[in-house]
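K.L.:
below is the structure, and that's it, no one-letter string:
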């Protein structure tokens, strides 16, 4: 039987913080999330961590272990708003904001973000909620983190669903070597501006900036969904808005990993896996990414892949294109009744 996520008797529950002392999950309140299906209820929660908190949205029945939903780089938990009401009719969903994203705490001044911290965060969440297994629904950077966790802890996961990424795209090492010096300077500069407001825009201007910043992958309407957790009004100019995620995220040092290591890691992925490749997306299309997808397919008899029309954010712009496949996948592997 799945373990409860929250206490029956109160709006908070003691969890262990992954180290020594019990901590209390704060702000577990019933609201109606502002989405394309506003009649579907969800809960906003804060999960304490050593550097602050992880913010999240819980969709569906709080009495069952949820699917953990992980967003992409510089997005937030709102990326699942259009899909969550459809899927949470069958399975609960806990969509988190990664550190520095959405409403979650930033890393402390002087520190920087590292991609392998994300699978470690999945492990911490499993420990917080005392889940027996982890179920993953992931996009982009979240998919890469999810695969790293699923491959590192193959006995701790029951299924893994990924949208438009499995591994980090192959890198031009000469470009990486040229970029690192500039990125490190930019990180140091960003460290001095953590308390300053970024560039300001009107609401509609910011939606267009967000849309263009994703190379039009996120539609204007979808950008406004992400802006609900990813923007704030200016304190000086209340009619202007700014992107509220941690600016240091722009300069994450995507450390290239050796191809033999990546191949060794992905061969450990054994759980039922559903992968969506967006045909209008440039990501996960390089020769090495395609080769590694084929390696997974050969080594995991429970792997299936669907090519769907749409951009890198197909799950956000067009959830109806992937929801039927998710439902069939969950039924096929007995995670939903047939």
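P.N.:
Noted; the coordinates are in hand. Since the structure is predicted, the reported quantities are computational estimates derived from the model, not experimental observations.
K.L.:
alpha carbons only for contacts and neighbour counts from here, please
P.N.:
Fine.
K.L.:
can you give me the helices in the stretch 151-300 of the chain?
P.N.:
For the stretch 151-300 of the chain, the helices identified by DSSP state H, counting those that start in this stretch occupy 173-191, 203-213, 220-230, 259-266, 287-299, in order along the chain.
K.L.:
tell me the most buried of those?
P.N.:
A comparison of the helices of the stretch 151-300 of the chain by mean neighbour count, using mean count of other Cα atoms under 10 Å, puts helix 220-230 on top with a mean of 21.
K.L.:
which one of the helices of the stretch 151-300 of the chain lies closest to residue 245?
P.N.:
Closest to residue 245 of the helices of the stretch 151-300 of the chain, according to Cα to Cα: helix 220-230, at 6.1 Å.
K.L.:
if we can go back for a sec, dump the helices of the stretch 151-300 of the chain into CSV; add mean pLDDT and distance to residue 92 as well.
P.N.:
Output for the helices of the stretch 151-300 of the chain, formatted as CSV (pLDDT from 0 to 100; distance: least, Cα to Cα, whole Å):
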stretch, mean pLDDT, distance to residue 92
helix 173-191, 92, 37
helix 203-213, 98, 29
helix 220-230, 98, 20
helix 259-266, 96, 27
helix 287-299, 97, 28
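K.L.:
so can I have CSV of those helices showing distance to residue 77?
P.N.:
Output for the helices of the stretch 151-300 of the chain, formatted as CSV (distance: least, Cα to Cα, whole Å):
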stretch, distance to residue 77
helix 173-191, 24
helix 203-213, 16
helix 220-230, 8
helix 259-266, 26
helix 287-299, 26
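K.L.:
residue 333: which of the ones you listed is closest?
P.N.:
Nearest to residue 333, of all the helices of the stretch 151-300 of the chain, is helix 287-299, at 16.7 Å by Cα to Cα.
K.L.:
gap between the host helix or strand of residue 125 and the chain center?
P.N.:
Assignment of secondary structure by DSSP states H and E places residue 125 within helix 117-129. Using Cα atoms, centre = their mean, to the nearest Å, the distance from the centre of helix 117-129 to the centre of the chain it belongs to is 13 Å.
K.L.:
what lines up beside the following helix or strand past that helix in the sheet?
P.N.:
Past helix 117-129, further along toward the C-terminus, the next helix or strand under DSSP H and E is strand 134-139. Based on DSSP bridges, the pairing partners of strand 134-139 within the sheet are strand 67-70 (parallel), strand 157-163 (parallel).
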